[in-house]
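Undergrad: sequence and predicted structure are below.
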Amino acid sequence: MSSAANQDTSYDGISAHLTQGGIVILAGDALRDGDLDFAMAASKVTPQAINFMARYGRGLICLGLTRERAWELGITAQGSDKTGDSGRPFGVSIEARHGVDTGISAHDRAHTIAVAMAPDARPADLVSPGHVFPLIANPGGIAARKSTLEAGIALCRKLGLGDGVVLCAIMRDDGTMARVADMHEFAREHATPIIDISAITDG
């Protein structure tokens, strides 16, 4: 794995970082014109991580899941006949049935993700609509769809961190989409490795 921010992006370095609940920046999405995403293992989600993504990413915070995991949770795809090849494969939005207040706070969204990622989670543990937006990955993985969604899930699975990834698109201060060149200083300051998804493989 390589990084544009001189972070430790060796296998061991990334494994330790994500296992400890760290966030990385995924670059190289072939379907979204180079848009960047914050990413972390969904199994390690915290309110602090959700707040970080909301503050610095500014984009939609999503829960990427394998198709099998989505089905286990009763999450179905959003129906649309207008989704282009670069469109994200959204599932119906979710909320934890219990333990949330407004649903939109960092605590509530982290709680909903934690409920969805629990080993014994069932469809009855979630309600729709909600404030967490699932993305359902292509079962062919990153080999079939070169995006941050499939790459993030592949990375988490390879490291034994579960079948889910939290993603948040990164925008500049002016609301336009950030690019790798914008994020070097940020990545150094916040110890957030930048990983090109071309370095990630399934399996």
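TA: Looks like it came in fine. Keep in mind the model is a prediction, meaning the values are calculated, not measured. Numbers count the residues shown, from 1 in each chain.
Undergrad: same for the helix-or-strand element of the chain with minimal mean pLDDT, what does it pack against?
TA: Least confident helix or strand of the chain, by mean pLDDT, DSSP states H and E, is helix 11-19 with a mean of 91. Helices and strands touching helix 11-19, as assessed by 3 or more CB pairs under 8 Å, 6 or more residues apart in numbering; DSSP states H and E, comprise strand 24-27, strand 37-41, helix 148-158. All C-beta atoms are positioned from the backbone trio N, CA, C, and that covers glycine.
Undergrad: show me how far the second one is from its chain's centre.
TA: Same thing as strand 37-41. Strand 37-41 sits 4 Å away from the centroid of its parent chain (CA atoms, centre = their mean, to the nearest Å).
Undergrad: can you pull the buried residues of the helix or strand following that strand?
TA: Where DSSP states H and E defines the elements, the next helix or strand beyond strand 37-41 is helix 47-56. Residues A49, I50, F52, M53, A54, Y56 are the ones in helix 47-56 that count as buried (16 or more other CB atoms under 10 Å).
Undergrad: got it, and stretch 51-70?
TA: Residues 52-54, 56-59, 61-67, 69-70 are the ones in stretch 51-70 that count as buried (16+ other CB under 10 Å).
Undergrad: so which residues of the protein form strands?
TA: Assigned by DSSP state E, the chain shows strands spanning 24-27, 37-41, 58-65, 94-96, 126-136, 164-170, 194-196.
Undergrad: nearest to P119, of those?
TA: strand 164-170 (11.8 Å; CB to CB).
Undergrad: for the residue lying closest to K158 once chain neighbours are set aside, grab the count of nearby residues.
TA: Leaving aside its sequence neighbours, K158 sits nearest to G203 (CB to CB, 6 or more residues apart in numbering; 7.3 Å). Residues near G203, counting by other CB atoms under 10 Å, number 8.
Undergrad: same deal with S147?
TA: 26.
Undergrad: ok, now which ones touch it?
TA: The contact partners of S147, taken as CB atoms under 8 Å, 6 or more residues apart in numbering, are D29, A30, L31, R32, I197.
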